[in-house]
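Participant: Got a predicted structure plus its sequence, pasted below:
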Amino acid sequence: MKIIKLTTYRVPPRWMLLKIETDEGIVGWGEPVIEGRARTVEAAVHEMTPFLIGQDPGRINDLWQAMYRGGFYRGGAILMSAIAGIDQALWDIKGKALGVPVYDLLGGRVRDKMKMYSWVGGDRPLDVIAGIRKLREVGIDTFKMNGTEELRMLDSARAVDQAVGRIAEIREAFGNDIEFGIDFHGRVAAPMAKVLLRALEPYRPLFVEEPVLAEQAEYYPRLAESTSIPLAAGERMYSRFEFKRVLEQGGLAILQPDLSHAGGITECVKIAAMAEAYDVAVAPHCPLGPVALAACLHLDFVSHNAVLQEQSMGIHYNQGAELLDYVINKDDFRMDGGYIAALTKPGLGVEVDEERVLEASKNAPDWRNPLWRHEDGSVAEW
Ligand SMILES: O=C(O)C(=O)C[C@@H](O)[C@H](O)CO
Ligand SMILES: [Mg+2]
(Lines give C-alpha, C1' and ligand atoms only; values in the text may rest on other atoms or scores of the structure.)
(Ligands and ions follow the chains in the order given, each with its own letter.)
Protein backbone atom coordinates (compact mmCIF):
# COMPACT_ATOMS: atom_id res chain seq x y z
CA MET A 1 0.00 0.00 0.00
CA LYS A 2 1.29 3.52 -0.73
CA ILE A 3 0.33 7.03 0.41
CA ILE A 4 -0.87 9.01 -2.61
CA LYS A 5 -2.41 12.22 -1.23
CA LEU A 6 -2.68 14.42 1.86
CA THR A 7 -5.50 16.98 2.11
CA THR A 8 -6.02 19.40 4.98
CA TYR A 9 -9.34 21.00 5.94
CA ARG A 10 -9.41 23.90 8.38
CA VAL A 11 -12.94 23.89 9.84
CA PRO A 12 -14.95 25.74 12.48
CA PRO A 13 -14.67 26.13 15.38
CA ARG A 14 -10.82 26.11 15.28
CA TRP A 15 -9.83 22.62 14.15
CA MET A 16 -7.99 21.11 11.23
CA LEU A 17 -8.69 17.67 9.79
CA LEU A 18 -6.19 15.78 7.63
CA LYS A 19 -7.19 13.14 5.09
CA ILE A 20 -4.49 10.72 3.92
CA GLU A 21 -5.40 8.68 0.84
CA THR A 22 -3.71 5.45 -0.31
CA ASP A 23 -3.45 3.63 -3.65
CA GLU A 24 -5.69 0.85 -2.26
CA GLY A 25 -8.57 3.23 -1.56
CA ILE A 26 -8.19 3.12 2.23
CA VAL A 27 -8.37 6.62 3.77
CA GLY A 28 -7.09 7.73 7.17
CA TRP A 29 -8.09 10.84 9.14
CA GLY A 30 -6.02 12.84 11.61
CA GLU A 31 -6.41 16.14 13.46
CA PRO A 32 -3.11 18.09 13.28
CA VAL A 33 -3.74 21.46 14.90
CA ILE A 34 -2.49 24.01 17.38
CA GLU A 35 -5.38 26.15 18.55
CA GLY A 36 -4.78 29.57 17.02
CA ARG A 37 -2.00 28.40 14.67
CA ALA A 38 -3.97 26.13 12.29
CA ARG A 39 -2.43 27.66 9.15
CA THR A 40 1.11 27.23 10.53
CA VAL A 41 0.52 23.56 11.31
CA GLU A 42 -1.12 23.20 7.88
CA ALA A 43 2.09 24.49 6.29
CA ALA A 44 4.14 22.06 8.38
CA VAL A 45 1.95 19.13 7.25
CA HIS A 46 2.38 20.13 3.63
CA GLU A 47 6.15 20.51 4.08
CA MET A 48 6.20 16.84 5.14
CA THR A 49 4.00 15.74 2.22
CA PRO A 50 6.71 15.25 -0.45
CA PHE A 51 8.48 12.82 1.90
CA LEU A 52 5.25 10.91 2.67
CA ILE A 53 3.93 10.47 -0.88
CA GLY A 54 4.81 6.95 -2.10
CA GLN A 55 5.61 5.67 1.42
CA ASP A 56 4.03 2.53 2.94
CA PRO A 57 1.52 3.92 5.53
CA GLY A 58 1.86 0.71 7.53
CA ARG A 59 5.42 1.55 8.61
CA ILE A 60 4.16 4.00 11.23
CA ASN A 61 7.17 3.75 13.56
CA ASP A 62 9.65 4.34 10.75
CA LEU A 63 7.66 7.23 9.27
CA TRP A 64 7.38 8.76 12.75
CA GLN A 65 11.14 8.54 13.32
CA ALA A 66 11.86 9.91 9.85
CA MET A 67 9.46 12.87 10.30
CA TYR A 68 10.91 13.61 13.76
CA ARG A 69 14.63 12.91 13.31
CA GLY A 70 14.69 13.73 9.60
CA GLY A 71 14.41 17.41 10.47
CA PHE A 72 17.56 18.85 12.05
CA TYR A 73 15.36 21.24 13.99
CA ARG A 74 12.71 19.20 15.77
CA GLY A 75 10.06 19.23 18.47
CA GLY A 76 7.90 22.11 19.56
CA ALA A 77 4.20 22.80 19.21
CA ILE A 78 3.97 23.20 15.44
CA LEU A 79 6.11 20.31 14.16
CA MET A 80 4.86 17.87 16.82
CA SER A 81 1.25 18.77 16.05
CA ALA A 82 1.85 18.16 12.34
CA ILE A 83 3.45 14.79 13.11
CA ALA A 84 0.60 14.05 15.55
CA GLY A 85 -2.14 14.42 12.95
CA ILE A 86 -0.23 12.44 10.33
CA ASP A 87 0.44 9.72 12.91
CA GLN A 88 -3.26 9.52 13.84
CA ALA A 89 -4.19 9.10 10.18
CA LEU A 90 -1.58 6.36 9.70
CA TRP A 91 -3.00 4.40 12.65
CA ASP A 92 -6.49 4.92 11.18
CA ILE A 93 -5.33 3.45 7.86
CA LYS A 94 -3.59 0.50 9.51
CA GLY A 95 -6.63 -0.38 11.60
CA LYS A 96 -8.93 -0.12 8.59
CA ALA A 97 -6.57 -2.25 6.46
CA LEU A 98 -6.53 -4.99 9.15
CA GLY A 99 -10.19 -4.56 10.15
CA VAL A 100 -9.47 -3.82 13.83
CA PRO A 101 -9.71 -0.80 16.15
CA VAL A 102 -6.36 0.85 16.92
CA TYR A 103 -6.41 -0.30 20.57
CA ASP A 104 -6.32 -3.91 19.29
CA LEU A 105 -3.15 -3.08 17.38
CA LEU A 106 -1.71 -1.87 20.70
CA GLY A 107 -2.37 -5.05 22.66
CA GLY A 108 -6.08 -4.73 23.40
CA ARG A 109 -8.21 -3.00 26.01
CA VAL A 110 -7.30 -2.75 29.72
CA ARG A 111 -10.76 -1.40 30.59
CA ASP A 112 -14.35 -1.63 29.42
CA LYS A 113 -15.20 2.07 29.62
CA MET A 114 -13.39 5.39 30.15
CA LYS A 115 -14.25 8.12 32.64
CA MET A 116 -14.89 11.47 30.94
CA TYR A 117 -15.07 15.05 32.16
CA SER A 118 -16.64 18.26 30.85
CA TRP A 119 -15.69 21.93 30.96
CA VAL A 120 -17.97 24.37 32.77
CA GLY A 121 -17.75 28.14 32.83
CA GLY A 122 -15.87 29.98 30.11
CA ASP A 123 -12.65 31.92 29.80
CA ARG A 124 -13.86 33.83 32.83
CA PRO A 125 -15.35 31.12 35.09
CA LEU A 126 -18.94 32.33 35.31
CA ASP A 127 -22.22 30.46 35.85
CA VAL A 128 -20.26 27.39 36.89
CA ILE A 129 -22.97 26.20 39.26
CA ALA A 130 -25.64 26.37 36.53
CA GLY A 131 -23.29 24.60 34.12
CA ILE A 132 -22.68 21.77 36.56
CA ARG A 133 -26.39 21.41 37.31
CA LYS A 134 -27.18 21.10 33.57
CA LEU A 135 -24.49 18.49 32.90
CA ARG A 136 -25.39 16.46 35.98
CA GLU A 137 -28.79 15.90 34.36
CA VAL A 138 -27.01 13.81 31.71
CA GLY A 139 -24.92 11.89 34.19
CA ILE A 140 -21.70 13.89 34.12
CA ASP A 141 -20.18 14.13 37.59
CA THR A 142 -16.64 15.29 36.82
CA PHE A 143 -15.84 18.78 35.60
CA LYS A 144 -13.07 21.26 34.89
CA MET A 145 -13.09 25.04 35.00
CA ASN A 146 -10.69 27.95 34.87
CA GLY A 147 -9.42 28.89 38.31
CA THR A 148 -9.05 32.60 37.81
CA GLU A 149 -9.47 35.51 35.43
CA GLU A 150 -6.40 37.67 34.81
CA LEU A 151 -4.08 37.34 37.80
CA ARG A 152 -1.08 39.59 38.39
CA MET A 153 2.32 38.14 39.36
CA LEU A 154 1.60 39.45 42.81
CA ASP A 155 -2.12 39.85 43.28
CA SER A 156 -4.44 40.79 46.09
CA ALA A 157 -6.15 38.82 48.82
CA ARG A 158 -9.34 40.00 47.13
CA ALA A 159 -8.37 38.26 43.87
CA VAL A 160 -7.51 35.09 45.78
CA ASP A 161 -10.79 35.27 47.72
CA GLN A 162 -12.73 35.72 44.46
CA ALA A 163 -11.09 32.62 42.94
CA VAL A 164 -11.51 30.52 46.08
CA GLY A 165 -15.04 31.79 46.74
CA ARG A 166 -16.24 30.32 43.45
CA ILE A 167 -14.85 26.92 44.44
CA ALA A 168 -16.36 27.17 47.91
CA GLU A 169 -19.76 27.78 46.29
CA ILE A 170 -19.39 24.59 44.25
CA ARG A 171 -18.65 22.46 47.29
CA GLU A 172 -21.49 24.26 49.12
CA ALA A 173 -23.91 23.44 46.31
CA PHE A 174 -22.85 19.87 45.50
CA GLY A 175 -20.76 18.58 48.39
CA ASN A 176 -18.65 15.66 47.23
CA ASP A 177 -21.33 14.37 44.84
CA ILE A 178 -19.16 15.80 42.07
CA GLU A 179 -15.46 16.15 41.38
CA PHE A 180 -13.69 18.95 39.56
CA GLY A 181 -10.29 19.95 38.30
CA ILE A 182 -9.22 23.58 38.37
CA ASP A 183 -7.23 24.83 35.40
CA PHE A 184 -4.83 27.62 36.37
CA HIS A 185 -4.28 27.75 32.59
CA GLY A 186 -0.82 29.21 33.10
CA ARG A 187 -2.43 32.44 34.37
CA VAL A 188 -0.92 32.00 37.84
CA ALA A 189 2.73 32.98 38.22
CA ALA A 190 5.03 31.22 40.68
CA PRO A 191 4.66 33.83 43.47
CA MET A 192 0.88 33.33 43.52
CA ALA A 193 0.69 29.60 42.82
CA LYS A 194 1.53 28.48 46.36
CA VAL A 195 -0.84 31.10 47.82
CA LEU A 196 -3.74 29.94 45.65
CA LEU A 197 -3.06 26.22 46.11
CA ARG A 198 -2.98 26.63 49.88
CA ALA A 199 -6.26 28.60 49.86
CA LEU A 200 -7.92 25.91 47.69
CA GLU A 201 -6.72 23.01 49.85
CA PRO A 202 -9.89 22.81 52.03
CA TYR A 203 -12.10 22.29 48.94
CA ARG A 204 -10.13 19.24 47.74
CA PRO A 205 -10.21 19.75 43.97
CA LEU A 206 -9.47 16.57 42.03
CA PHE A 207 -6.41 18.28 40.51
CA VAL A 208 -5.01 21.67 39.65
CA GLU A 209 -3.86 21.95 36.05
CA GLU A 210 -0.93 24.00 34.77
CA PRO A 211 -0.29 25.42 38.26
CA VAL A 212 2.41 27.49 36.58
CA LEU A 213 3.38 27.87 32.92
CA ALA A 214 5.11 24.90 31.28
CA GLU A 215 8.26 27.02 30.99
CA GLN A 216 8.29 27.18 34.81
CA ALA A 217 8.17 23.38 35.18
CA GLU A 218 10.97 23.46 37.77
CA TYR A 219 8.34 24.73 40.23
CA TYR A 220 6.22 21.57 40.03
CA PRO A 221 8.15 19.63 42.73
CA ARG A 222 8.28 22.67 45.01
CA LEU A 223 4.56 23.34 44.64
CA ALA A 224 3.80 19.65 45.15
CA GLU A 225 5.64 19.83 48.47
CA SER A 226 3.34 22.66 49.56
CA THR A 227 -0.01 21.03 48.78
CA SER A 228 -1.87 17.73 48.83
CA ILE A 229 -3.79 18.73 45.70
CA PRO A 230 -2.63 16.54 42.77
CA LEU A 231 -0.88 18.72 40.17
CA ALA A 232 -1.43 18.13 36.45
CA ALA A 233 0.19 19.48 33.28
CA GLY A 234 1.15 18.49 29.78
CA GLU A 235 -0.93 20.23 27.13
CA ARG A 236 2.00 22.48 26.33
CA MET A 237 4.65 19.77 26.31
CA TYR A 238 5.32 18.07 23.01
CA SER A 239 7.44 14.93 23.26
CA ARG A 240 8.83 12.17 25.49
CA PHE A 241 11.94 14.28 25.81
CA GLU A 242 10.02 17.05 27.57
CA PHE A 243 7.89 14.74 29.66
CA LYS A 244 10.91 12.75 30.85
CA ARG A 245 12.24 15.84 32.65
CA VAL A 246 9.06 16.44 34.64
CA LEU A 247 8.88 12.74 35.50
CA GLU A 248 12.48 12.71 36.72
CA GLN A 249 12.08 15.89 38.80
CA GLY A 250 8.70 14.83 40.20
CA GLY A 251 5.83 17.05 41.27
CA LEU A 252 3.20 16.09 38.72
CA ALA A 253 0.61 13.52 39.73
CA ILE A 254 -1.07 13.59 36.31
CA LEU A 255 0.36 14.06 32.81
CA GLN A 256 -1.96 15.59 30.21
CA PRO A 257 -0.34 15.05 26.83
CA ASP A 258 -2.45 16.27 23.91
CA LEU A 259 -2.74 13.57 21.21
CA SER A 260 -2.85 16.32 18.56
CA HIS A 261 0.16 18.22 19.92
CA ALA A 262 2.58 15.64 21.35
CA GLY A 263 3.40 13.55 18.29
CA GLY A 264 0.19 11.51 18.12
CA ILE A 265 -0.64 8.00 19.26
CA THR A 266 2.86 6.61 18.65
CA GLU A 267 4.48 9.20 20.95
CA CYS A 268 1.75 9.54 23.58
CA VAL A 269 1.52 5.78 24.20
CA LYS A 270 5.22 5.93 25.06
CA ILE A 271 4.66 8.95 27.32
CA ALA A 272 1.86 7.11 29.13
CA ALA A 273 4.12 4.09 29.66
CA MET A 274 6.92 6.32 31.02
CA ALA A 275 4.42 7.92 33.43
CA GLU A 276 3.22 4.52 34.65
CA ALA A 277 6.79 3.66 35.65
CA TYR A 278 6.71 6.70 37.98
CA ASP A 279 3.19 5.91 39.29
CA VAL A 280 1.96 9.05 37.51
CA ALA A 281 -1.51 9.06 35.93
CA VAL A 282 -2.38 10.23 32.45
CA ALA A 283 -5.45 12.29 31.55
CA PRO A 284 -5.06 13.27 27.88
CA HIS A 285 -5.84 16.90 27.06
CA CYS A 286 -8.51 17.25 24.39
CA PRO A 287 -10.44 20.51 23.91
CA LEU A 288 -10.47 19.67 20.21
CA GLY A 289 -12.45 17.69 17.64
CA PRO A 290 -13.64 14.13 17.19
CA VAL A 291 -10.53 12.65 15.57
CA ALA A 292 -8.32 14.01 18.35
CA LEU A 293 -10.75 12.60 20.92
CA ALA A 294 -10.81 9.20 19.21
CA ALA A 295 -6.99 9.13 19.27
CA CYS A 296 -7.09 9.91 23.01
CA LEU A 297 -9.59 7.13 23.64
CA HIS A 298 -7.40 4.53 21.94
CA LEU A 299 -4.57 5.55 24.28
CA ASP A 300 -6.95 5.48 27.26
CA PHE A 301 -8.10 1.96 26.47
CA VAL A 302 -4.57 0.54 26.41
CA SER A 303 -3.04 2.54 29.29
CA HIS A 304 -3.44 1.18 32.82
CA ASN A 305 -2.70 4.66 34.26
CA ALA A 306 -5.25 6.55 32.16
CA VAL A 307 -7.65 8.05 34.69
CA LEU A 308 -9.75 10.74 33.01
CA GLN A 309 -10.48 11.95 29.50
CA GLU A 310 -11.27 15.53 28.52
CA GLN A 311 -13.82 16.06 25.74
CA SER A 312 -15.04 19.29 24.21
CA MET A 313 -18.83 18.82 24.10
CA GLY A 314 -20.25 22.21 25.08
CA ILE A 315 -16.82 23.75 25.71
CA HIS A 316 -16.73 27.53 25.41
CA TYR A 317 -14.31 27.33 22.48
CA ASN A 318 -16.77 25.43 20.26
CA GLN A 319 -18.39 28.45 18.67
CA GLY A 320 -19.59 27.59 15.15
CA ALA A 321 -19.36 23.83 15.42
CA GLU A 322 -19.83 21.21 18.12
CA LEU A 323 -17.74 18.11 18.87
CA LEU A 324 -19.71 15.66 16.72
CA ASP A 325 -20.87 17.93 13.89
CA TYR A 326 -18.49 16.28 11.40
CA VAL A 327 -19.12 12.72 12.62
CA ILE A 328 -21.57 10.27 11.06
CA ASN A 329 -21.41 7.63 13.83
CA LYS A 330 -22.38 10.06 16.62
CA ASP A 331 -23.92 7.29 18.72
CA ASP A 332 -20.51 5.67 19.18
CA PHE A 333 -19.48 8.74 21.19
CA ARG A 334 -22.44 8.59 23.57
CA MET A 335 -21.53 9.04 27.22
CA ASP A 336 -23.39 6.93 29.75
CA GLY A 337 -23.15 7.90 33.41
CA GLY A 338 -20.05 9.94 32.64
CA TYR A 339 -18.29 7.08 30.88
CA ILE A 340 -17.72 6.24 27.22
CA ALA A 341 -17.40 2.74 25.77
CA ALA A 342 -14.56 1.78 23.45
CA LEU A 343 -14.96 2.73 19.80
CA THR A 344 -15.31 -0.59 18.01
CA LYS A 345 -15.06 0.32 14.32
CA PRO A 346 -11.74 -0.40 12.52
CA GLY A 347 -9.03 2.24 12.78
CA LEU A 348 -9.73 5.26 14.99
CA GLY A 349 -13.46 4.53 14.84
CA VAL A 350 -14.59 7.91 13.48
CA GLU A 351 -16.77 7.96 10.36
CA VAL A 352 -16.00 11.47 9.11
CA ASP A 353 -18.83 13.30 7.30
CA GLU A 354 -16.59 14.38 4.44
CA GLU A 355 -19.26 16.43 2.71
CA ARG A 356 -19.86 18.41 5.89
CA VAL A 357 -16.09 18.90 6.36
CA LEU A 358 -15.65 20.08 2.77
CA GLU A 359 -18.54 22.53 3.12
CA ALA A 360 -17.35 23.85 6.47
CA SER A 361 -13.78 24.27 5.19
CA LYS A 362 -14.94 26.84 2.66
CA ASN A 363 -15.13 29.59 5.27
CA ALA A 364 -13.12 28.41 8.22
CA PRO A 365 -12.41 31.19 10.73
CA ASP A 366 -8.84 31.95 11.77
CA TRP A 367 -9.50 31.42 15.47
CA ARG A 368 -7.13 33.27 17.78
CA ASN A 369 -7.07 33.27 21.55
CA PRO A 370 -7.73 36.73 23.01
CA LEU A 371 -4.84 38.94 24.12
CA TRP A 372 -5.54 39.87 27.70
CA ARG A 373 -4.06 42.84 29.48
CA HIS A 374 -3.91 43.78 33.16
CA GLU A 375 -5.38 47.02 34.46
CA ASP A 376 -1.94 48.62 34.14
CA GLY A 377 -1.86 47.76 30.43
CA SER A 378 0.72 44.96 30.67
CA VAL A 379 0.05 41.66 28.92
CA ALA A 380 -1.83 39.12 31.05
CA GLU A 381 -1.67 35.33 30.52
CA TRP A 382 -4.97 34.23 28.94
O1 LIG B 1 -8.67 22.27 27.72
C2 LIG B 1 -7.78 22.78 28.43
O3 LIG B 1 -7.27 22.25 29.44
C4 LIG B 1 -7.27 24.12 28.09
O5 LIG B 1 -6.40 24.62 28.78
C6 LIG B 1 -7.78 24.80 26.86
C7 LIG B 1 -6.65 25.31 26.06
O8 LIG B 1 -5.83 24.23 25.77
C9 LIG B 1 -7.16 25.93 24.78
O10 LIG B 1 -7.57 24.91 23.87
C11 LIG B 1 -6.10 26.78 24.17
O12 LIG B 1 -6.60 27.40 23.01
MG1 LIG C 1 -5.67 23.34 30.32
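Facilitator: Arrived safely, thanks for sending. Ligands and ions are numbered 1, 2, ... in the order given.
Participant: Let's see the pLDDT reported for Gly122.
Facilitator: The per-residue pLDDT reported for Gly122 equals 89.
Participant: what phi and what psi does the backbone show at it?
Facilitator: Phi and psi for Gly122, reported as degrees, to the nearest 10, are phi -110, psi -150.
Participant: Same question for the one 4 residues further on.
Facilitator: Its backbone dihedrals place Leu126 at phi -110, psi 160, with angles given as degrees, to the nearest 10.
Participant: Next, count neighbours for Leu151.
Facilitator: 24 (other CB atoms under 10 Å). For every residue, glycine as well, the C-beta is placed using N, CA and C.
Participant: Give me the phi and psi for it.
Facilitator: Dihedral angles for Leu151 - degrees, to the nearest 10 - are phi -130, psi 130.
Participant: Quickly note the distance from it to Leu196.
Facilitator: Using CB to CB, to the nearest Å, Leu151 is found at 8 Å from Leu196.
Participant: which residues do the two both contact?
Facilitator: Counting by CB atoms under 8 Å, 6 or more residues apart in numbering, the common neighbours of Leu151 and Leu196 are Ala163, Val188.
Participant: What number of residues are in the vicinity of the residue in the chain that ligand 2 sits nearest to?
Facilitator: Proximity of the chain to ligand 2 (CB to the ion) peaks at Asp183, 4.4 Å away. Residues lying near Asp183 (other CB under 10 Å) number 23.
Participant: OK, contacts around the closest residue to it other than its chain neighbours?
Facilitator: Nearest residue to Asp183, sequence neighbours excluded (CB to CB, 6 or more residues apart in numbering): Glu209, at 4.3 Å. Counting by CB under 8 Å, 6+ apart, Glu209 touches Lys144, Gly181, Ile182, Asp183, Phe184, His185, Ala232, Ala233, Gln256.
Participant: sec struct for the first one, please.
Facilitator: It stands for Lys144. strand (DSSP: H, G, I helix; E, B strand; the rest coil).
Participant: Use 9 as the first number for this chain going forward.
Facilitator: Noted, 9 is the first residue going forward, which turns the last one into Lys152.
Participant: what about it, neighbour count?
Facilitator: Neighbours of Lys152 (other CB under 10 Å): 25.
Participant: what sits opposite it in the beta ladder?
Facilitator: Trp127, Gly189 (DSSP bridges).
Participant: Correct me if wrong: it contacts Asp191.
Facilitator: Yes - between Lys152 and Asp191 there is a contact under CB atoms under 8 Å: 5.8 Å.
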